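Colleague: this one's sequence-less:
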């Protein structure tokens, strides 16, 4: 124990230990970034693969040219275009379609009221928060039904002074 105390008293040894500690922390942060980035890229890739299977089309480069950015894997915001419970499809503002999966633990809220999945309707605007699945779907945890963005003056860019 005395030897350890003497080693730590030396300023060079303290500097080396602090440097090694900082390197370990930096590597851990880097590894966490790689993990989350890989999960997001994996979701985008799986969405592209599933898109062609669901649309009965042949994959080509047009889809990848159309959407070079990584897709948001933890949710969706847009209009419901199809409902086949326990899943439904949401088209977001740039036309990307996402399959949303509901289950008994999914909370669906319209204003302050909780509603059932059966009460969802095509053409309603929703915001979905959930977890990505291996099938390029979003396992919904919270679904909030929103008013039509076209009915909100600020959403369409109209000026209230006109």
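Modeller: Everything's here; your move. As the structure is a prediction and not an experimental result, all values here were calculated from the model.
Colleague: C-alpha only now, for contacts and for neighbours.
Modeller: Will do.
Colleague: Walk me through the domains of this protein.
Modeller: 1-71, 73-151 (automatic domain parsing).
Colleague: Could you dump those domains into a markdown table with mean pLDDT and mean neighbour count added?
Modeller: Formatted as a markdown table, those follow (pLDDT from 0 to 100; neighbours: other C-alpha atoms under 10 Å):
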| stretch | mean pLDDT | mean neighbour count |
| --- | --- | --- |
| domain 1-71 | 72 | 12 |
| domain 73-151 | 89 | 17 |
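Colleague: contacting residues around residue 130?
Modeller: 74, 75, 138, 139, 140, 141, 142 (C-alpha atoms under 8 Å, 6 or more residues apart in numbering).
Colleague: Distance to residue 109 for the residues you listed - can I get that in JSON lines?
Modeller: Converted to JSON lines, the contacts of residue 130 look like this (distance: C-alpha to C-alpha, whole Å):
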{"residue": "74", "distance to residue 109": "18"}
{"residue": "75", "distance to residue 109": "15"}
{"residue": "138", "distance to residue 109": "17"}
{"residue": "139", "distance to residue 109": "16"}
{"residue": "140", "distance to residue 109": "12"}
{"residue": "141", "distance to residue 109": "11"}
{"residue": "142", "distance to residue 109": "8"}
